[in-house]
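A.B. asks: dropping the sequence and predicted coords here.
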Protein chains: 2
Amino acid sequence: MKPVSIIGIGKTAFGAFTGQSILDLALEASRKCLKNGNVQASRVEAFYLGNFAGPAFVGQNHVAPYVASALGLGNVPATRFEAACASSGSAFFHAWGAVAGGLYDLALVTGVEKMTSQPTARVTDILASAGEVDGEVRAGATFPALFAMIARRHMHQFGTRRDHLAAVAVKNHGNGAKNPDAHMRKVITAEQALAGRMIADPLTVYDCSLVSDGAASALLCPAERAGEFASQPIRVLGVAQASDYLALADKEDITTFPAVRRAGEKAYQAAGVGPEQIDFAELHDCFTIAEIIAMEDLGFVPRGEGGPAVASGFSALNGPKPINTSGGLKAKGHPVGATGVGQICDLALQMRCQAGERQIPRANVGLAQNLGGSGATCVVTILGR
Amino acid sequence: MKPVSIIGIGKTAFGAFTGQSILDLALEASRKCLKNGNVQASRVEAFYLGNFAGPAFVGQNHVAPYVASALGLGNVPATRFEAACASSGSAFFHAWGAVAGGLYDLALVTGVEKMTSQPTARVTDILASAGEVDGEVRAGATFPALFAMIARRHMHQFGTRRDHLAAVAVKNHGNGAKNPDAHMRKVITAEQALAGRMIADPLTVYDCSLVSDGAASALLCPAERAGEFASQPIRVLGVAQASDYLALADKEDITTFPAVRRAGEKAYQAAGVGPEQIDFAELHDCFTIAEIIAMEDLGFVPRGEGGPAVASGFSALNGPKPINTSGGLKAKGHPVGATGVGQICDLALQMRCQAGERQIPRANVGLAQNLGGSGATCVVTILGR
């Protein structure tokens, strides 16, 4: 397998954009990315599109050739990857594999979701289709409900408290306030987070990520050719995808996700680093409890110690291992299909020292963790400069 | 790139199966395939699922880990590929790339669709979401309407007649009647086809493929290891995917599909053969006119001569180049996401001399062409024994 580099990144802002269609968003991110990599559309050899639910949100299926043809990519292979909230992480993983395996020298990956045109109740239903529809979802579970059960069990088993969850929200809101592309730029206090409107006990509105529109892109080539295109290429040190049961009821223990552990192990192994070598990370905080569990499953802290670690400042912008410097899904926003590649763009911005007000001093090795559903898909990507 | 072989195939029958869920269908085909390849589920390294519209047809998104976990694949990467009616052709193409590139030694590809639980009008709407929703579909075009325009133009430009279209239907119904796994086993006459109920002029009900449930699977490994698993491995000589505009209005000429031509050229080049070396083919006859155009775009006959060629017996079961010996989408059935891998299984059956009553004498090199939408995706696969 050839080493692979990221030679271009591009993102839309994340937010609620009434005037922009799914096509507009995907084209904006893709074009910014091609420009960033100084590559003409006609040179791209394959297009990988992460999109969770274009058909349900905006009625459009078959989205990959729709975007590719409008972008002027010619007749290249253009494919949509769907893996719930890990759709574009999965698209990135497959694009990496194709470049690493020698199939292409230039692959464009874009993630996109247009969610805000649907009313909230419908959004909740569409998101729930990533769970076990014939079982848990039919019984009434929404994703906030599923993660509320996970949080409750984590509290019971490890003593995690609501103020630990709130600490995740406060941190990520603080970081998001420094990110001009974030959906919600609003600093909050722990008191506000704790007093938030209850969504699914113990999760308040501040424990839940945002419903957003947005797109993000990355351009991949073999590392040996990266010098031809980009002045600041980023190395893909390791990337792995793993899967697990959709239903919580099928899992042995709902306070840990086997797919996250497996993807993490394989990505660490490929990168030749361990959790201690990771300088910073973008973790999939669809709910605050998910960030805490990801810290544990990826070995940043021992099991059960995620909550206290966040509260102690371990993962703060100026802490020893900054997490979600972008604001995370919580404040940057969570346009589902765009989130995985969005995380990768945010790692790259830090590694290129282009993260502005939220820039951290040490960003040599970064990790992105993109989760699908209640842990049924996970993609972990480790980047180095 | 390593040469790749198919070491197992498995299919459900295609039809309307009230009692079987999307999971049941995918599991049946996958298990048959693993058994056919004599491979235990725990040895599979990656799962590629082609599915067009599980969310719309049965409410279930995130279908790949849903199937993979129930199948006992452990925590392997499990990904859904969506490319309209070419969804599982695309999944197969990506699985081939990963095995050829050295990522895995055992990859399982399954295509599945469960369509018949929805009323016909809703099925038509769901299928239309693979077209240009913000344009042609909003203006009222369904897929029968789009292909009716294509047929009408082909008639105008090349003199193709309704009895040429009917000849495709008669041939494929005849072949399907010999296939115990076909959805519709009913021999028809040209008179019946011509007198069929009009769906979208000039296409009658006999020019349109079926709405079906079904699943199909194939197991891939490097050719150098095929001997370990299967007594009758099939070689993947070449496979290519290509894309084009969704909207007919964006195409220069609607009587030819650039994505089919491109995918065909690349597959022929990889395989080192031309159209004249293809012994038999499964072509994507979503409508009879599509089979005629595919014959032309793949170079089996000169442009405009597809209709007369079918009428002359060129592609008959006992003709010089048998096409759709399985009955095709027309009679075997068209469970959208299963169709691409289903075609590959049908090629393999002929090449293994297991096609029963429809067995052809010469099946050394076979071609499958899987089309998505009105030509926006195409996957062409060439197999050899």
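C.D. replies: Right, received. Where do you want to start? Note that this is a predicted model, so its numbers are computed, not measured. Numbering: from 1, shown residues only, chains lettered A, B, ... in the order given.

A.B. asks: mind listing what A:Val301 touches?
C.D. replies: A:Val301 is in contact with A:295, A:309, A:314, counting by C-beta atoms under 8 Å, 6 or more residues apart in numbering or on different chains. Any C-beta I mention is one placed from the backbone N, CA and C, and that applies to glycine too.

A.B. asks: which member of the residues you listed is positioned nearest B:Gly97?
C.D. replies: A:Met295 (34.2 Å; C-beta to C-beta).

A.B. asks: mind giving me the ChimeraX select for the contacts of A:Val301, buried ones only?
C.D. replies: Buried subset of the contacts of A:Val301, written as a ChimeraX selection, criterion 16 or more other C-beta atoms under 10 Å in any protein chain shown:
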select /A:295,309,314
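
A.B. asks: from the contacts of A:Val301, which ones fall inside helices?
C.D. replies: Secondary structure from DSSP state H places A:295, A:309 of the contacts of A:Val301 in helices.

A.B. asks: return the member of the contacts of A:Val301 nearest to chain B.
C.D. replies: Ranked by distance to chain B (C-beta to the nearest C-beta), these are led by A:Met295 at 19.8 Å.

A.B. asks: grab the nearest non-local neighbour of the closest one.
C.D. replies: A:Gly306 (4.3 Å; C-beta to C-beta, 6 or more residues apart in numbering or on different chains).

A.B. asks: pretty sure the one you found contacts A:Leu298?
C.D. replies: No: counting by C-beta atoms under 8 Å, A:Leu298 is not a contact partner of A:Gly306; they are 10.0 Å apart.

A.B. asks: these two: which is more packed in?
C.D. replies: Applying other C-beta atoms under 10 Å in any protein chain shown to A:Gly306 and A:Leu298 shows that A:Gly306 carries more neighbours, namely 27 against 23.

A.B. asks: just to revisit the earlier point, out of the contacts of A:Val301, which is nearest to B:Ile254?
C.D. replies: Distances from B:Ile254 to those, taken by C-beta to C-beta, are shortest for A:Met295, at 54.6 Å.

A.B. asks: just give the closest residue to A:Phe81, not the sequence neighbours.
C.D. replies: Nearest one to A:Phe81, counting by C-beta to C-beta, 6+ apart, is A:Ala91 at 4.1 Å.

A.B. asks: neighbours of the one you found, just the number please.
C.D. replies: A:Ala91: 32 surrounding residues under other C-beta under 10 Å.

A.B. asks: hmm, it is touching A:Val341, no?
C.D. replies: Yes: using C-beta under 8 Å, A:Ala91 is in contact with A:Val341, at 7.2 Å.

A.B. asks: what residues are shared contacts of those two?
C.D. replies: Joint contacts of A:Ala91 and A:Val341 (C-beta under 8 Å, 6+ apart) are A:50, A:109-111.

A.B. asks: from chain A, which residue is nearest to chain B?
C.D. replies: A:Gly101 (1.8 Å).

A.B. asks: that residue touches B:His94, doesn't it?
C.D. replies: No: contact between A:Gly101 and B:His94 fails when scored by C-beta under 8 Å: they sit 10.9 Å apart.

A.B. asks: those two: which is more packed in?
C.D. replies: B:His94 (30 against 21).

A.B. asks: so the more buried one is in which element?
C.D. replies: Assessed by DSSP states H and E, B:His94 sits inside helix B:87-100.

A.B. asks: with A:Leu371 instead?
C.D. replies: strand A:365-372.

A.B. asks: which strands or helices does that strand pack on?
C.D. replies: helix A:87-100, helix A:258-271, strand A:280-282, helix A:288-297, helix A:339-351, strand A:377-384 (3 or more C-beta pairs under 8 Å, 6 or more residues apart in numbering or on different chains; DSSP states H and E).
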